[in-house]
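Below is the sequence, then the predicted model.
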Amino acid sequence: MNFLPPDRNCGLCARLCAFREQNRRKYPAYHNAPVEPFGSLNAEILIVGLAPGLNGANRTNRPFTNDYAGDVLYPILKQYGLARGNYQKRKDDGFELINVRITNAVRCVPPENKPTGEEEKNCRHFLAAEISAMPNLKIILCLGTISHKNVLCALGQKQSFAKFKHGAVYEIPPSAVSSVQNGILLADSYHTSRYNINTGVLTYTMFEEIIKKIKGLLNK
Ligand code: URA
């Protein structure tokens, strides 16, 4: 299945369109459009975030890039061999993901980092199409509850099938993902947000454990 990303002027969400127009006037040098995923569709790992940050991914057009959450995520991916190069918070910094693709549940920046349920729903078919377009996919790492919820929905699973729990790993039946034959794993982590790090909900060590676990699962 081919993955068709949203149009630059995607009009599915009235509130997000209005915010985008406001940001285009206020920050003309920013990307201010749906943010493109990062990494190859041939990757075995898909990391799903929430939505672009206003001055981060919405500015740079690369998920988690110039966002605090990326300052946590990218160095740890590199430390565990899932990325190479120098992460310099710009799309053209030459930083590369290895066997990983990163995307968001919602592709446009929402006011105050909070998409509505309707916006999540409007954006979900892009996530479903992206998952279906990854023939080698083995593990989806969901960062936070909104990512978890939308990945489950995109896979056609009920929320009762898998509750969000930091460190949990669930087996998704093969029938849920048309592109893969052996089923996939859904893993959960708290989001690498500034709030979670500052409040101690997530520590760097906890996130390293998640990445180690994912690598271990991949090699099974
Ligand atoms: N947080 C996310 O969840 N995604 C991004 O792209 C940036 C910050």
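Received it, and whenever you're ready, just let me know what you need. Residues are numbered from 1 along each chain as shown.

Quick check: bridge partners of the most centrally placed residue in the chain?
Centrality entry for the chain: nearest residue to the mean C-alpha point is V48, 2.4 Å, by CA atoms, centre = their mean. Using DSSP bridges, the bridge partners assigned to V48 are T103, C142.

mind listing the helices for this structure?
14-26, 57-60, 68-79, 117-132, 145-154, 194-198, 204-218 (DSSP state H).

contacts for the second one?
Put plainly, it is helix 57-60. Here helix 57-60 makes contact (CB atoms under 8 Å, 6 or more residues apart in numbering) with 23, 27, 29-32, 35, 52, 63-67, 70, 89-91, 104, 108-109. No exception for glycine: its C-beta is placed from N, CA and C like everyone else's.

residues from this structure in reach of the ligand?
G49, L50, A51, P52, G53, G56, A57, P63, F64, D67, A69, N104 (CB under 6 Å from any ligand atom).

nearest to R8, of the residues you listed?
Nearest to R8 out of the residues of the chain next to the ligand is P52 (CB to CB; 13.8 Å).

Test my guess that A176 contacts A154.
No: contact criterion CB atoms under 8 Å: A176 and A154 do not qualify, at 9.2 Å.

which of the residues of the chain next to the ligand has the most neighbours?
Highest neighbour count within the residues of the chain next to the ligand: P52, with 30 neighbours (other CB atoms under 10 Å).

which ones are touching it?
P52 neighbours (CB under 8 Å, 6+ apart): V35, N58, P63, D67, N104, R107, C108, V109.

Can I get the residues you listed in CSV including pLDDT?
As requested, these are exported to CSV (pLDDT from 0 to 100):
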residue, pLDDT
V35, 98
N58, 98
P63, 98
D67, 98
N104, 98
R107, 98
C108, 98
V109, 98
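
if I look at the residue of the chain found nearest the ligand, how far off is L127?
Residue nearest to the ligand within the chain: G49 (2.7 Å; CB to the nearest ligand atom). Using CB to CB, to the nearest Å, G49 is found at 11 Å from L127.

do the same with D71
To L127, D71 is 24 Å away according to CB to CB.

higher neighbour count, these two?
Per other CB under 10 Å, whichever of D71 and L127 has more neighbours is L127, with 26 against 18.

Leaving aside the residues adjacent along the chain, what's closest to D7?
Nearest non-adjacent residue to D7, counting by CB to CB, 6 or more residues apart in numbering: P34, 7.6 Å away.

Looking at the chain, name the residue that lies furthest from the middle.
In the chain, counting by CA atoms, centre = their mean, R25 sits farthest out from the average C-alpha position, at 26.9 Å.

Just the pLDDT for it.
Per-residue pLDDT puts R25 at 98.

What residues of stretch 2-15 count as buried?
F3, P6, C10, L12, C13 (16 or more other CB atoms under 10 Å).

can I get those in JSON lines with pLDDT?
Compiled in JSON lines, the buried residues of stretch 2-15 are given as follows (pLDDT from 0 to 100):
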{"residue": "F3", "pLDDT": "81"}
{"residue": "P6", "pLDDT": "93"}
{"residue": "C10", "pLDDT": "97"}
{"residue": "L12", "pLDDT": "97"}
{"residue": "C13", "pLDDT": "98"}
